[in-house]
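Structural data only, the sequence is not supplied:
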């Protein structure tokens, strides 16, 4: 993915980022059902502020991402969120400062923008319609995640991560639904 970024100082970095998601949904009442992963994507901007000499290698990282999540079992669930992850990270330089390995962890805050549920053809009696309707799923999704990656030549980043919902996204209190999202991505920064 072609990315552009800018740098305000040595302590601040911004980047454009994007990649692929493999998301699934889990349900407390469907624990024995094999819910399939659903492919999606994420794209957005990310900002990083280094802690400087106070804690060398540590930084605060926040992003605004458009993220597509979902799952499938008799119905295909598609949910698009604006997601704001806020991570604390640590990077270690290697190979003559031309590469760095980084690790981040922290919460994310998501707000559902649009989504749909489509019943598979062999189950025409199941619900098809708006994912975020009053009797289906909530728009608010709060969770936590980790991200591990490699930065080369200062500007190019390759990463993998995992996020999981901590809140019940179902409208019904009787059933608890959560997202699990594994992702790969690339970014360009300076």
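Received, thanks. The shown structure was predicted, so the numbers you read here are calculated from the model rather than taken from an experiment.

I'd like to know which helix or strand in this structure has the lowest mean pLDDT.
Taking mean pLDDT, DSSP states H and E as the measure, the chain has strand 129-130 as its least confident helix or strand, at a mean of 89.

How far away from the center of its chain is that strand?
Strand 129-130 sits 23 Å away from the centroid of its parent chain (C-alpha atoms, centre = their mean, to the nearest Å).

looking at the protein, which residue lies furthest from center?
residue 125 (32.1 Å; C-alpha atoms, centre = their mean).

contacting residues for it?
Residues in contact with residue 125 (C-beta atoms under 8 Å, 6 or more residues apart in numbering) are residue 119. The way it works is simple: take the backbone N, C-alpha and C, and place the C-beta from them, glycine included.

quick one: it from residue 110, how far?
Here the criterion is C-beta to C-beta, to the nearest Å. By it, residue 125 lies 30 Å from residue 110.

same deal with residue 77?
For residue 77, the distance to residue 110 - C-beta to C-beta - is 15 Å.

Repeat that for residue 181.
Counting by C-beta to C-beta - residue 181 and residue 110 are separated by 10 Å.

what do the two both touch?
residue 67.

For residue 99, which non-adjacent residue is closest in space?
Leaving aside its chain neighbours, residue 99 sits nearest to residue 152 (4.9 Å; criterion: C-beta to C-beta, 6 or more residues apart in numbering).

Okay, and the beta partners of residue 116?
residue 78, residue 130 (DSSP bridges).

An error on my part: the question was meant for residue 105.
Beta-bridge partners for residue 105, by DSSP bridges, are residue 88, residue 146.

re earlier: and the residue farthest from the centre of the chain, that one's in a helix?
No. Counting by DSSP: H, G, I helix; E, B strand; the rest coil, residue 125 is not found in a helix; it is coil.

related to what we said a few turns ago, run through who's touching the least confident helix or strand of the chain.
115-117, 136.

Tell me the one of the residues you listed nearest residue 146?
Taking C-beta to C-beta as the measure, residue 146 lies nearest residue 115 of these, at 24.9 Å.

I'd like the distance between the closest one and residue 40.
Taken as C-beta to C-beta, the span from residue 115 to residue 40 is 11 Å.

Now do the shared contacts for these two.
70, 78.

Tell me which stretches of the protein form strands.
Using DSSP state E, the strands of the chain run over 12-27, 38-50, 58-72, 75-94, 99-119, 129-130, 140-152, 156-165, 177-189.

Residue 95: neighbour count?
Residues lying near residue 95 (other C-beta atoms under 10 Å) number 8.

Check residue 138 too.
Based on other C-beta under 10 Å, the number of other residues close to residue 138 is 14.

so it touches residue 172, yeah?
No. Look at residue 138 against residue 172 with C-beta atoms under 8 Å: they stay out of range, at 10.2 Å.

Spit out the contact partners of residue 70.
Taking C-beta under 8 Å, 6+ apart, we find residue 70 in contact with 23, 25, 38, 40, 76-79, 115.
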